[in-house]
Structure formats: structure tokens, C-alpha cells
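> A structural model of the following input is requested.
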Amino acid sequence: MLFNSHVFIFLFLPLCLLVFAGLNQYQARYTVPWLVVCSLFFYGWWNPNYLFLLTLSIGFNFFLGQQINRAGRFRKGFLILGISVNLGLIGFFKYANFFVDNVNALGANLILETVILPLAISFFTFQQIAYLVDIYRRETEPHCFSEYCLFVTFFPQLIAGPIVHQKEMLPQFRQMKVNEHMDHIAIGIMIFSMGLFKKVVLADGVAVHATPVFVAAEQGVQITLLEGWAGALAYTLQLYFDFSGYSDMAVGIARMFGVILPINFYSPYRAKNIIEFWRRWHITLSRFLRDYCYIPLGGNRQGAVYRYRNLLLTMLIGGLWHGAGWTFVFWGGLHGLYLVVNHAWHAVQRVWSIRLGVFGRFLSYLLTFVAVVVAWVFFRAESIDGALLILQGMCGLHGVLVSATVFPWFIDSLEWLGFAVQIDPMSTRYVDKDALKWIACLLLIVFFLPNVYSLFRQYQPALNVDAFSQSHGSKIVTINRKWVVISALAFIISILYLTRISEFLYFQF
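Take a look at the predicted model:
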């Protein structure tokens, strides 16, 4: 079941809210079990067989959490067991085929039937690893089984995050009072509507201009300059609005139940450097990688060289978390290299007291965005060869062909100046006026319109949003009738566009 489907919007979600409100009024102790049932039904909608693995994982980690909390000298042993089993589980389902394929490429003849990747296994596994580590560190304590089940399965954030901590969620589960705070419903619906518009209209709308370029590259077609940049930018924007839309919808749905999720997405393409980009993109994953990978590896405690090593290793792990493929490994390694260069540059700035002027800051924003776009090519491509073909096209190595239908004024100018212009019909293969219009309009939205967290900042749309917004210099935008009308129109338009249901890109992880 998808957030952007009629059955979810008009049947599942209203029924969950209606029963939840009734229980909250008359039998409040059943609200948590009700949401657990709803969440398990939501998860099992795709494939009921997935429920066995999810419930087994929940039972195992809840039991280990109890043991770690009271085991005395054996606490560390239970923690190691828990982490090993969880990583082994995700390793088998997510990376077994990848491992066998690579071993066979070296000449072996291993046989393994295709292992189906269970939905959201990366998210609920990492979340439970964090739970075990937090208990071991005495940063949280085990709670009752029903509350733990809801912590793992809460359907607004189960499939694609945010990755939450028990200490963030359990106190809220005990205070859910939708019928006493109807403003939660209103705010949640507005945020959900804006997220739905981002996904259904914007992300899916620009996707048709990205897919053909990447498919052609996988087939060995040489990509020209305009095609390469149009395809890369279209996917950059598709992924942005797809994940931003999902994050908004998750926040909005949770808010309808009186639950405030942690902030997970905050205008990352406005970042002035890669360090800031990772503080804005998939914020809870960055937090997990920092707290449970980077710091345990040593962080920055052993000098610059080890710090850079730890950054590279952490981002390689982050790349593998996203998918079992060399393109994801390369993407993670590339971002690790970006972070190393960024931290080294900051060190140079401190030593030499370098201050960037207005033009320098503009170049910083531009360089960061271009670096992110280049990395997304590997993230989207199905093979390294396909990614390289697109990057070669973006560098103009396969020609700089300008379509007469896209830039007729440019062709006319060349002919007026006396140049002999030869129109290559193949130059219009994957780029047309609609593609350029989509890219231009979405770039304007990305860089100049306020995000949801700025709009609803006075209503605390997400945990820690005030401190986060202030650190990035965001202005408070007052919600008035104009924004109410805009969110209503966004919902209506989105429903009219729901003729074809498409999954969120992050569901594959």
C-alpha cells in the first residue's frame, strides 16, 4: 500500500484515524495495539510473507534488549550477538546475490536462487540496531512489548524512514490525544497534501525526462552534452521531490495521530558545501552513520589521516546500505572523497584565515550542487559503464549537438552569421522543450520557495526543527488562508494526477 494511492488516502488512513479517535476517547489503552495492527496490515499489504520476517526480527530484538538491560557482565556479549544477527539478516537478503554474482565473475560457479529483498529491511534493521546500542549505553530503557512493536512498525515511517530512536517516539506514543488536539489533524493534512503534490505531480512529472537517457546509456548509446545534463538534472530533481514528498507525507500522517517525527529532509540542494548537504539530506541516516559507524571507528579523535579514513569508510557503508551494487559503492566512495576534500579545505581556511567573498560563496554553492549531480549519475545508473557514458556526454566527449526544435533561435543566429549548420535529427532523441521547462521550473522551486519546515515552523512540524532552521538562517513563514488554499489545491490536483501509481524511489532500499 502506497501513500500515493486511492486505497490509502480514502480508505486505510481515514479508517485508522476514525477508530483511533474512538479508542482514544473511550479505551485509550488500546490505541497503541490498534496502531500496531494497522501498521502490520499496512506492511503486509505488499506481501503477507514479509510479516514473518518482520515479527521475528521484532521478537528477537525485544528479547535481546531485555537481556542487555539486566545481564550484568554479559551485556556486551548480548549486544554483539544482536548486532551480528541483524547484520547477518540484512546481509543475506540484501547482499547474497551481489556476493555470488561477483564471485562467479572471478571464475567460480556458485548457484543461489534469487533472494527477494523484503520491503524496508534496511530501515527497520538499522532502527533496531540503534535500539540495542542505546540500551547498552544506558541512553534508553526497554518498554512494554506493544510500545516496542509500534516503535518499529509505526506505518508513517516504517517503509522509508525517518530512522527514529526509541527515546524520541515512546514518550509521544503515551501522549497521543488526537481528539483533544484537532489542530494536529489540520496541520497533518496540509503537510501531507504538499508532500503528495511533490511526489505525484513534480517527481513523477520530471521522471519521464530522466529515464530514457539512463536506459539509452545502459544500451551503449553515446549520450551528447545536452542529453547528459538534461538526464542528470531531471533525475536529480526527480529524486529530490520524490524523497522530499515522502518525508513530508510521513511527517503529515504521523502528525494526524499527534506524533512528531524527527526532521529528515531540509532543502539539501541549497547547501553551501558537502558537509552541509549531508546535514540536510536524509538527516536521520546521516545521524545513524555518524553515531553508530563514524564515531565507533574513531571519529576525529586520532588526527586528520584517521579522520579522513573514517569518513571514507562510513560513506562506503552508507553507499552499500542504499543498494547491493558497485554503482552504490562508487557513489558512497565519491561522497566520502567529497567530504575529505571539504574537511581539508576547511583546515586550509583556518590556517590561512581565508574568507570567501560573495562570488566565492556563489561558487561554493554551485560547485556543491554540480558535485551532487555528478554523484547522482552513479546512484541512478544500473552499471558503471552506463554512468560513465552519461558523464562523458556531460563533458561533451560525444558531441555538442543542439536541437533545432529546442533552440531554434540559436540555429538561426548561426546561419545569420554565415555558419553552415547541419541538423542532426538524433539530437532530439531524449531532450525536448518540455524537458527543459520542467528542469527550469523545478530548479526555481528548489532554490527559491520555502520548504514545509519553514512554512510550519511555528507549529513544530518535526523534532528539533527550531534549532535546525536557525542554524541554516531560515525565516519563519506565517501560515494564513493563502497557504491553506494552496495546500487544498495541491491535494485536489494530486488526486486528479493519481491515474498511475508509482513507488517511492527509496522503497528499493
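> so what's Lys75 up against?
Wrong residue type there; residue 75 is Arg, not Lys. Residues near Arg75 by Cβ atoms under 8 Å, 6 or more residues apart in numbering: 67-68, 136. From N, CA and C alone the C-beta is placed, and that goes for glycine too.
> where does the stretch 101-250 of the chain dip in pLDDT?
By pLDDT under 70, the low-scoring segments of the stretch 101-250 of the chain are 177-181.
> I'd like the next helix or strand past the worst-scoring helix or strand of the chain on mean pLDDT.
Of all helical and strand segments in the chain, the minimum by mean pLDDT, DSSP states H and E falls on helix 408-416, at a mean of 62. Note on helix 408-416: by DSSP states H and E, the next helix or strand toward the C-terminus is helix 433-448.
> domains in this protein, as residue ranges please.
27-176, 184-400+432-502 (automatic domain parsing).
> relative to Val7, which of those domains is closest?
Closest to Val7 of those is domain 27-176 (Cβ to Cβ; 8.6 Å).
> straight-line length of that closest one, end to end?
Start to finish, the residues bounding domain 27-176 are 13 Å apart (Cα to Cα, to the nearest Å).
> got it, and stretch 6-19?
Distance across stretch 6-19, first residue to last, is 19 Å (Cα to Cα).
> who wins for proximity to Cys16 among the domains of the chain?
With Cβ to Cβ as the yardstick, what comes closest out of these is domain 27-176 (4.7 Å).
> and the closest one, how far out from the chain middle?
19 Å (Cα atoms, centre = their mean, to the nearest Å).
> just list the residues touching the closest residue to Arg429 other than its chain neighbours, thanks.
Excluding the flanking residues, the one nearest Arg429 by Cβ to Cβ, 6 or more residues apart in numbering is Glu227, at 6.8 Å. Glu227 is in contact with 213, 393, 429-431, counting by Cβ under 8 Å, 6+ apart.
> doesn't Glu227 belong to a strand?
No: using DSSP: H, G, I helix; E, B strand; the rest coil, the secondary structure at Glu227 is helix, not a strand.
> mind checking how far it is from His398?
9 Å (Cβ to Cβ, to the nearest Å).
> hmm, Leu225 is touching Met394, no?
Yes: here Leu225 reaches Met394: they are 6.8 Å apart, a contact under Cβ atoms under 8 Å.
> let me know the pLDDT of Gln470.
At Gln470, the model reports a pLDDT of 60.
> now swap in Leu87 and tell me
At Leu87, the model reports a pLDDT of 92.
> the helix or strand hosting it: which residues count as buried?
Assigned by DSSP H and E, Leu87 belongs to helix 75-105. By neighbour count on 16 or more other Cβ atoms under 10 Å, the buried set for helix 75-105 is 75, 78-79, 81-83, 85-86, 89-91, 93-98, 100.
> what helix or strand is Leu112 on?
Taking DSSP H and E as the definition, one finds Leu112 inside no helix or strand.
> how many other residues sit next to it?
The number of residues packed near Leu112 is 12, by other Cβ atoms under 10 Å.
> and if you look at Gly220?
Number of residues near Gly220 (other Cβ under 10 Å) recorded here: 9.
> can we start the residue count at 6 from this point?
New numbering, starting at 6: the last item is Gly225.
> how about it, secondary structure?
Secondary structure for Gly225, judged by three-state DSSP, is coil.
> what's the helix or strand for the closest residue to it other than its chain neighbours?
Leaving aside its sequence neighbours, Gly225 sits nearest to Leu394 (Cβ to Cβ, 6+ apart; 7.3 Å). Secondary structure assignment for Leu394, by DSSP H and E: helix 389-399.
> show me what that helix is packed up against.
helix 216-223, helix 230-261, helix 331-357, helix 363-385 (3 or more Cβ pairs under 8 Å, 6 or more residues apart in numbering; DSSP states H and E).
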